[in-house]
Each structure stands twice: as structure tokens, then as C-alpha cells.
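Undergrad: take a look and give me a structure for this.
(2 chains)
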Amino acid sequence: MQIFKSPNYNFIRWRWHALALSLTVVVAGAVMMATRGLPLGIDFSGGTIVIVQFDEPVTEDQVRRAGTAIPGDVGVQQYGAPEDHEWLIRLPQTEEIEQGASLEQGSQQIVESLQKAGLPSFQVISTEIVGPVIGADLQRRGIYATLAALVAIMLYIAVRFRLSFALGAIAATFHDILVTLAFLTFFGYELSLNVVAAILAITGYSVNDTIVVFDRVRENLRSMRRETLDHVVNVSVNQTLARTVITSGTTFMAVMSLYLFGGEVLRGFAFTMLVGIISGTYSTVFIASAIAIILSQRGRAAAAAAAPARRPEARPGRKARGARAS
Amino acid sequence: MNKNLRWRVLTILAVIGLAIWAFYPPAEKVNLGLDLKGGVHLIMRVQTDAALRIETETTVERLAEALSRAGVQYSKLEVTAPTEFVVEGIQNDQAFRQASVEVDTVFTRSPGAGRYTYTMRPLIANQLREEAVTQALQTIERRVNELGVVEPIVARYTAANQILVQLPGVTDVQRAKEIIRSTALLELKIVEMGPFPSQEAAQQAYNNNVPPDLEIVPGSEDLASTGGGTPTTVYYVVRRVAPITGRDLRNARPSLDENSLPAVGFSLNQDGARRFGQLTEQNIGRQLAIILDNRVVSAPVIQSRITDEGQITGSFTQQEAADLSLVLRSGALPAPMDFLEERTVGPSLGAESIRAGVTASVGGLLLVVLFMLFYYRITGLNALTSIVVNLLILLGMMAYLGATMTLPGFAGFILTIGMGVDSNVLIFERIKEEMGTAKGVRAAVNAGFDRVWWTIVDTHVASLIGALLLLNFGTGPIRGFAMTLIIGLASNVFTAVFVSRTMFEMVLSRRAQPQALSI
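TA: Next up, the predicted model:
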């Protein structure tokens, strides 16, 4: 069984359209993030979350009214399945909670106001309080981790392949991160620690996908020395297309299961992964190779001007496969 | 089956056996994170500035003594910052420098004459901060152990002055926090004057000029004197330097006072007992202030000479008395602490998360396996074996390394399933492609594995780089995710290449010239 019978789509012809489409999504996302702001979860913004489980059903309105006694912008939302009667109440970081001594003040206020509101009896099943120091620290570390991962992977590809490929892979990865962030903003998901982990996982996944294509390009460059880079890349993308689609499909299925059954805590994580997988597959086919080609042509034109007719040396034999192609 | 193949099969069976042995029985061998087991996660900051200020204050006191001994006149000597103090109006500069020689080892003196600013040497300040955090860590460890928590974690957190405490299974967060946080600085001082109803009244008693060696400390009024009413805050004037502190304690335990109310009995070590005996002998008839964290808990009148036994009375509940003896036994914290982060997961939510994680993993596994069987037919079984062996190795390695399973760890499991299949797909697709070029099945399989090997290395190394950074920079549950991913990637290379190839060869070795492959 085969999903594609010797595919021969001309992906490279569509590269400018694809770049335009991606740019549109990314810019739209950026505008939205700028106007609405990317909502930060309490891991990064600091604040208090209390999750309570009522013994009997309550309406959102009842919980919300109980929350009005607390100063500040109180958020109320149903948590988990409706039949569990679980509610999440959130307080933003307030100015007074700069001192650690009063860190738990918010959660105490929430519990007290719920007790006074005459609601059915309840248990606190989870509390999360993040102070401003930790929030800022986590923010910094999240950004560092992502950037460090990107730089390290880029270096690896640059060593194993060539710089233009590395730049193509990194551009594709950046693209995936930006598209994912745009979708997160659009669907109102918050940036939490778990979501950052998902973004880092996507970084790995997207590069993974791209490397498979590049590896094939490297291999084909040896056997198709008379062809243009455009053509070789296009053939390689087509040759790996079945694998790209199947792998994305299976990973997508696995993560879909996580999204459906993984529970409330992992929903943001799973959603981020789902978007990232789709974006990663798209960028592998359209973005990474396109940018690698565009950059290679510049480089090649410059190289051709300096030293004409210099071609990568082909090294036959199995062992050569580990060596650099260029 | 040739010899080579037999060895490969044996290796695989041995690895599977080892993995199962490592994690069986899973309930005991696999550590669950707080998000699955329930418990408290706290991040605290040691206020190291306070520790430095104490050092600076002690230095200033010693300097004041040295100056008065040497007869050096000055108008002002005061602490201006945790690591800084100022001396002003020095009459005899030469004599001052001689008397203050000892200070220079810890502080640097600003240039000039008559007025100096002293700043603590940065190296020493860092060392003191470091000591304060280490001491706090040890003290908290002792307290947590006395609380009887199973498998607690008390460790340094990322920033230099932060401490991470994880208490699995603890549900009374408030009490745990009180016990961890209380500085538990015990001081016994003789009351000079008081109690006064307000701080102003205490100051007026000294014409608003309290001598520098005395200080005003708040406290609760003795219940006995009010006849059981609500105690109001009163103020005592006591000596600044405490003759006996918590360091002189040998033990502390809950006891009962003469009215059978909960109290804390303490005994002093040899040296402390000798000094306490002297102190009480010289001050019979005066009040002894028992000060805990800068608040007078009680101020009994000394009736007779006491040596090594004492009692702290106050309006304690039994629990409070027990907790106070616990913190006194474990020693005082070198500096007060802030709470920066607090996460509590109830056991019911944890159980719910485990159920969700298992459901999602099994669901993901089923979906992927069904697809692989549908798409690759019998070769799909090969992928199924790879996935199962992969998961077994993953579990085994996690148990062996003592890694903690967290909810994001389940996500790592599922990603491992999804991405593990990737290598299989890569190889299978390549084999299909090679079979298209009509080289025969055996050649196609060999070419498939050989050609794809470096692709697999490249993709895994790139993913590994990402996962390692995640492990390095990440916190808490994220590290659980990174850990599963890393182990998953490593075992994936083994299963997708070694195990899968062995299976292919087992099938191919049955026939001399295989004509077709169900792929």
C-alpha cells in the first residue's frame, strides 16, 4: 500500500506563494499579539490559581458572584468535565504580593469568599501561587532555553550539512514557533510552562522533519550532479513525501489522543503540539527547502563568480555518507 | 538461523528482560512526581541580606566596645546598609585606626579622615550569603525529616539564594509552611524595664533616649495577670545582647506547665547551663524575657537559680507546642525566608491525572499501532514490536535512573510513541522505494537500513540537543518531559534499527530467495 505513487509535485515552484502565506499568518499573529497581548499563564505572570471541587453542581454565575468580594480581576472557569463540579478561580499578581509573607493571601481570600457565599461545600484540590520573582525567572529561562536550542541545532546542521541548509532549517523552525504562537493567541490559550515545553518539542520535531529532507538532498546531490539545486531539492521533497505525511500523521494521532484524553492540565500542551505538527510538516515541504535554495543560489552565484565550475566532490562508498556533502 | 542472528535475538531478549526487571513492580520502582502523587511544592528565598546585616551589626557592636576600651571619641557609629556602616566625628584618627584594626579583615574602609564608610569585602559577603543558604538548607532538611514526610526533596533551586522543597503526600500546607518558615530564633534576656502598654511609653521611661545596648521588644501580656482575657501587645525593654540563645539548647520537647496547659520544655547544653546558672543567680527577683523571633513569648520572674532546664509557657495549643519544640530542636534559620512559589496538588487530582495520562498513552498507542498494521500489513508488526520494546526500555531506564514520572512525562511517552514510529516509517518507505528499483527483497532491505542510518543519526542528535537544553533550563515537571524524551530517543535508535532489522532478517532467513515482502 502506498499513499503516493511516485509523486512528482513541483513544490519549489510554489515557494514564493508559500512564503507569502506563511508571512501573512505570522504577521496576523504578530498584530494580534501586539494588540491583544499574548496571554501569559501564572507560571510567567505570577498570580494565584485555586481549583475547588464542589459536592453539588453550581453555576458559573454563582461562583463568579462569590468572587466579587475579592478585589482585583477574578477569573472563573469550569475545570475538567462538568460532572466533576470542578472550578478554577484565578487572581492576577497584585502589587501587595511583592513580599513572600503575603503570598498565600490571595488563595485565602478565594477560599474565604467561597465559604461565605453560601455555596455547597467544597474541597480545594489544587493551589498554585507563583510570585513575581519566579515568574520573571521562568520567563527568562524559557526564552533562553528556546534560543539556545535553536542555536545549538543550527550549529549541528551547519557542521553536518552546509550553512544555507542550517539557515533554512532554522527559518522553518522559527516559522513554526511563530505560527504556533499566532494560533495560541487566536484560540485564547495561555503561555504556560507546559506550552513552552511543547514549543521546544516542536523545535526538535520540525528540525527532525527538515533534516530527513536535507539528508536526501545531500544524497541526491551526489548522484544527480548535472541537475540544478532546485530540481534536486524538489525530487528529494517528493521522495520523502510519503514518509513526511505518514510520520506527521502518526504523531498527530498520538498527540490527538493526548488532547482528547490527557485531561485539563495537558490540553494547552497538546493543542500547541497539534498546531506545531501541522505547521512543521508544511514548513518542511515549503519553507525550509525554499529558503535553503534561495540562500544557496546567492552563495553559489558569489562562489561561481570567485571560482567557476567548483562542484562538491562526490565520495562513493558507504562510509562517505557520514562526511560532509559540500 | 545463523550465529550472528542468534546473538542479536539474545541481546534483544536480554535488554527486554533487564528493562522489565528494572521497573517491576512498577508501583514501587517508578517514582511519581508531585503532580501525580499529590503534595506540596515550595520555592523559598533566603533573605541573605538579613544574615549580612547581623554580621555587620555584630561588627559594629564589637567595634564600639574596642573604641570605648581604647578611649576613642566619636559622634556616630551606625549600620547604614546590610553590608555597610558609618563612623563619624572621630577625634583621634591614629588611635581609631589602631583600635579598629580587626574590622579591616572583613570590611574595607573608605579613604579620608574623621569620617569613614566601611563596606563588607565582596568575597566575604558572598561567602556569608553562601553559608546562610547552606545553613537554611540543612535546617529545613532537619525540620522536614522531623515532620515525617516520606521522600521529601530539599535542594537548592536555580538562583543562588533559592531553596526548593517538595513534600509528597502532605495535605496540611499551612502547617508545613509555618514549620519551614519559622526562623525559630530563641533568645533569653533579662528584662530591664517593663512591660509598657506602648512603644512610646517605653521610650519615655528613658526620656526618649534608649541607650544603644538596650532595645524594645514587643510581646504578649501574661495571661495570668489579665485573668484569661484577650492578651494585648505590651513592650519590654531588654538588653540587646542575649546571654543564652537557641544555640545553647540541647533538646526541646512539648510539656505541660503548672496549670496543665501545653508548654515547651527545653534543656541546655553544658556551657549554656553554666551561663544560665550564673545569669539566674545574679538576677533573682527580676523578669527573664523568653524571646522567640523577636517577640517576647513569656517573661516569668526568676525565683531561684536555674541551670539546665527551662520552660516556655504561653497560650499554646498542643499542636503549636509540638511544632515549636520541633523547630527549636532543628535549630534556628540564619535568616528569614520569603515564599516565592507554592503549588499544591490534592491526591484526588493526582489520581485523576494518572488516569488521564494512562488513557491518553494507551489511546495514542492503539491509534498508531492500528494505522501501522493497516498501512504496512505484516511489517506493521515489526513497528509494533519496536514501539513496545521502546516503551519497556523507557520504563526500565526511568526506574533504573530514579527519574520521576510527571504528567508532562506522559506527554513525553506519547511523543516517543509518535516519533519512534518515525524511524520505522523512514526505513519502511525507503525499503519500498528500493524494492521499486527491482534489486530483490534482501538487497532492498539492506539498502533501506543502510541509506537511512545517517538520517536517523542526524534527526536523533538534533532532537537530543533540544531535549538536553530543555532538561538543563527547564524546571520541575518539564524536566520530567525532557527526561522521558531523552531516554526515548536513545532507546528508539536501538529499537528502530537493531530490533527492527533483526526482525526483518529473521523473516528473510526462512527462505533462500524471498520474492515478496508484506510491507
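
Undergrad: now do the strands in chain A.
TA: Using DSSP state E, the strands of chain A run over A:47-54, A:75-78, A:86-92, A:122-130.

Undergrad: closest one to chain B among these?
TA: Chain B lies closest to strand A:122-130 among the strands of chain A, at 3.9 Å (Cβ to the nearest Cβ). C-beta: built from backbone N, CA, C; applies to glycine.

Undergrad: tell me the centre residue of the chain?
TA: All of this refers to chain A. Centroid-nearest residue in chain A, with Cα atoms, centre = their mean: A:Ile199, separated by 3.2 Å.

Undergrad: hm, I was asking about chain B
TA: Note: chain B centre (Cα atoms, centre = their mean) maps to B:Leu164, 2.4 Å.

Undergrad: next, it: phi, psi?
TA: phi -100, psi 130 (degrees, to the nearest 10).

Undergrad: okay but it is in contact with B:Leu34, surely?
TA: No: using Cβ atoms under 8 Å, B:Leu164 is not in contact with B:Leu34; the gap is 11.1 Å.

Undergrad: relative to A:Arg36, how far out is the residue nearest to the centre of chain A?
TA: 19 Å (Cβ to Cβ, to the nearest Å).

Undergrad: same question for B:Thr406.
TA: 31 Å.

Undergrad: can you check B:Val60 too?
TA: 55 Å.

Undergrad: show the contacting residues for the residue nearest to the centre of chain B.
TA: With contact set as Cβ atoms under 8 Å, 6 or more residues apart in numbering or on different chains, B:Leu164 has these partners: B:41-43, B:153-157.

Undergrad: swap the cut-off to 7 Å and go again
TA: For B:Leu164, the contact set (Cβ atoms under 7 Å, 6 or more residues apart in numbering or on different chains) comprises B:43, B:153, B:155, B:157.

Undergrad: who is the first one paired with across the strands?
TA: Read that as B:Ile43. B:Leu164, B:Glu341 (DSSP bridges).

Undergrad: list the contacts for the nearest residue to A:Leu181 once chain neighbours are set aside?
TA: Distances taken as Cβ to Cβ, 6 or more residues apart in numbering or on different chains place A:Gly29 nearest to A:Leu181, at 6.1 Å, with adjacent residues excluded. Listed by Cβ under 7 Å, 6+ apart, the contact partners of A:Gly29 are A:178-179, A:181-182, A:185.

Undergrad: which of these fall within helices?
TA: A:178-179, A:181-182, A:185 (DSSP state H).

Undergrad: please pick the buried ones from those.
TA: A:178-179, A:181-182, A:185 (16 or more other Cβ atoms under 10 Å in any protein chain shown).

Undergrad: could these go into JSON lines alongside distance to B:Gly466?
TA: Below are these laid out as JSON lines (distance: Cβ to Cβ, whole Å):
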{"residue": "A:Leu178", "distance to B:Gly466": "17"}
{"residue": "A:Val179", "distance to B:Gly466": "18"}
{"residue": "A:Leu181", "distance to B:Gly466": "17"}
{"residue": "A:Ala182", "distance to B:Gly466": "21"}
{"residue": "A:Thr185", "distance to B:Gly466": "23"}
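
Undergrad: ok so, going back, the more surrounded of B:Val60 and A:Arg36?
TA: B:Val60 (19 against 11; other Cβ atoms under 10 Å in any protein chain shown).
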